[in-house]
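Undergrad: Let's see this in three dimensions:
(one chain, ligands or ions: 1)
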Amino acid sequence: MKLLVTGSSGFIGFHLSRKLLSQSHQVFGIDNHNDYYDINLKLDRKKELIKYENFYFKKCDLINKNDLEKVFNEFQPEIVINLAAQAGVRSSSLLSNYYLDSNIIGFLNLIELSKKNNIKKLIYASSSSVYASSKQIPFSEKEENLEPISLYGKTKLANERIAELISKTEEIQFIGLRFFTVYGSHGRPDMAYYKFAEKIKKNQPLTIYNSGNMKRDMTHIEDINDGITACIDKSNFSSKHEIFNLGNSHPIGTMELLELVELHYGKKANITFENSSNEVKLTFADITKSFNALKFNPKIKINQGMREFLNWYDETF
Ligand SMILES: NC(=O)c1ccc[n+]([C@@H]2O[C@H](COP(=O)([O-])OP(=O)(O)OC[C@H]3O[C@@H](n4cnc5c(N)ncnc54)[C@H](O)[C@@H]3O)[C@@H](O)[C@H]2O)c1
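TA: Residues are numbered from 1 along each chain as shown. Sure thing, here's the model as predicted:
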């Protein structure tokens, strides 16, 4: 199959592309290599991918419709997977234009070109952030009262609403995936588990938000990859726009996660506490729907996944 993966130099885009390439699919990756975090991490991921002869890459911004159109014309993909976005919750009040450009305008450009090029399926990254303060726990796709508290979460909910609307009139199969705190090797340095490793290893001060009184449904990248590829392979969905939770369904507390990292390095973190109003207290995925439709059944427990991540971190830095 020919698949267009946006954000292919990002954490999830890299892992997904590598898996698809090893299954002999043709992958066209695009990424704008922005400097939200260390560009070298993105370039290293790209370097890994270009070793595959079935990988094509173009540095391209989703908001540049002309460049994007050239990619569609050149590659003629069958399936589009949109993982490019301005990610991260905590900075969403600071970089608002960037959130709106990449996450909304970029998504609209991709949809318009997918329509024009008769794309069969458009899979896109949503987020557990859409649930925010939802009262129903675990978070279910059936929840109707969605009020994200971060601008980031609001852009992800807007993606879902746009896809829902367009799916009513177009032939494209839309699939929105609400990822829950994805972690693993080649991960994102702005995320807590990564910062814990970096700061403890380097004996640097570590900021813990909201007294560490938070829980996250951390989901290993391999399980996320299984969920995405199940969506690629599946041909019959019950509606033209489907939304699935991809989470581990076993939340872990911040301090418990920190302890795993402290144990690995055999030393304590040097902690300062701060408050953050953009952060929700708990994320917890109900994965009944994903299990029934996609056979999504996360296999990697947090101890095993964190050991794998920490080993990668130690070998790399
Ligand atoms: N990692 C998680 O825990 C998590 C959780 C929920 C949702 N998500 C979503 O999954 C997707 C992938 O996340 P990730 O963790 O791999 O993030 P990432 O930041 O590592 O990857 C995103 C990539 O997209 C690129 N990009 C950003 N804006 C672009 C644009 N306008 N044009 C082209 N490229 C652009 C970036 O350079 C980056 O390489 C994102 O949509 C994110 O919001 C991630």
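Undergrad: and the residue in the stretch 201-317 of the chain that the ligand sits nearest to, what are its bridge partners?
TA: Closest residue of the stretch 201-317 of the chain to the ligand, CB to the nearest ligand atom: residue 219 (7.7 Å). Quick note: C-beta positions are derived from backbone N, CA and C, even for glycine. Partner residues in beta bridges with residue 219, using DSSP bridges, are residue 182.
Undergrad: Point me to the residue of the stretch 1-150 of the chain nearest the ligand.
TA: Nearest residue of the stretch 1-150 of the chain to the ligand, counting by CB to the nearest ligand atom: residue 10, 1.9 Å away.
Undergrad: Local confidence estimate at the residue of the stretch 201-317 of the chain closest to the ligand?
TA: pLDDT for residue 219: 98.
Undergrad: Would you state the strands of the stretch 151-300 of the chain in chain order?
TA: Assigned by DSSP state E, counting those that start in this stretch, the stretch 151-300 of the chain shows strands spanning 173-179, 182-183, 205-209, 215-216, 219-220, 241-246, 252-253, 270-274.
Undergrad: distance of the residue lying closest to residue 288 once chain neighbours are set aside from residue 284?
TA: Once its chain neighbours are removed from consideration, residue 288 has its nearest residue in residue 140; the separation is 7.6 Å (CB to CB, 6 or more residues apart in numbering). Distance of residue 140 to residue 284, computed by CB to CB, to the nearest Å: 10 Å.
Undergrad: Equivalent analysis for residue 246, please.
TA: Residue 246 is 13 Å from residue 284, where distance means CB to CB.
Undergrad: quick one: low-confidence parts of the chain?
TA: Scanning the chain for pLDDT under 70 picks out the ranges 90-95.
Undergrad: Please go through it and pick out the longest helix.
TA: The helix spanning the most residues in the chain, taking DSSP state H as the definition, is helix 151-167.
Undergrad: Which strands or helices does it pack on?
TA: helix 96-100, helix 106-116, strand 121-127, strand 173-179, strand 241-246 (3 or more CB pairs under 8 Å, 6 or more residues apart in numbering; DSSP states H and E).
Undergrad: Does the ligand have contacts with it?
TA: No: with CB under 6 Å from any ligand atom as the criterion, the ligand is not reached by helix 151-167; the gap is at least 6.7 Å.
Undergrad: and for that helix, what are the contacting residues?
TA: Applying CB atoms under 8 Å, 6 or more residues apart in numbering, the external contacts of helix 151-167 come out as 85-89, 92-93, 96, 99-100, 103-104, 107-108, 111, 115, 122, 124-127, 129-130, 132, 146, 148, 172-174, 176, 239-241, 243.
Undergrad: Let me see the contact set for the closest residue to residue 265 other than its chain neighbours.
TA: Of all residues not flanking residue 265 in the chain, residue 200 sits nearest, at 5.0 Å (CB to CB, 6+ apart). Residue 200 sits next to 206, 261-262, 265, 267, 269 when contact means CB under 8 Å, 6+ apart.
Undergrad: And the buried ones among those residues, selectable in ChimeraX?
TA: For the buried members of those, the matching ChimeraX selection, counting by 16 or more other CB atoms under 10 Å, is:
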select :206,261,269
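Undergrad: Return the subset of the contacts of residue 200 lying in helices.
TA: Residues from the contacts of residue 200 lying in helices, with DSSP H as the criterion: 261-262, 265.
Undergrad: for the ligand, what are the nearby residues on the stretch 51-200 of the chain?
TA: That would be 61-63, 83-87, 102, 106, 125, 127, 179, 181-182, 188, which are the residues of the stretch 51-200 of the chain within reach of the ligand (CB under 6 Å from any ligand atom).
Undergrad: got the buried residues for stretch 307-317?
TA: By neighbour count, with 16+ other CB under 10 Å as the criterion, the buried positions of stretch 307-317 are 308-310, 313.
Undergrad: do the same with stretch 55-73
TA: Of the residues in stretch 55-73, those with enough neighbours to count as buried (16+ other CB under 10 Å) are 55-57, 60-63, 65, 67-68, 71-72.
Undergrad: Secondary structure added to those residues, as a markdown table?
TA: What follows is the buried residues of stretch 55-73, written out as a markdown table (DSSP: H, G, I helix; E, B strand; the rest coil):
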| residue | secondary structure |
| --- | --- |
| 55 | strand |
| 56 | strand |
| 57 | strand |
| 60 | coil |
| 61 | coil |
| 62 | coil |
| 63 | coil |
| 65 | helix |
| 67 | helix |
| 68 | helix |
| 71 | helix |
| 72 | helix |
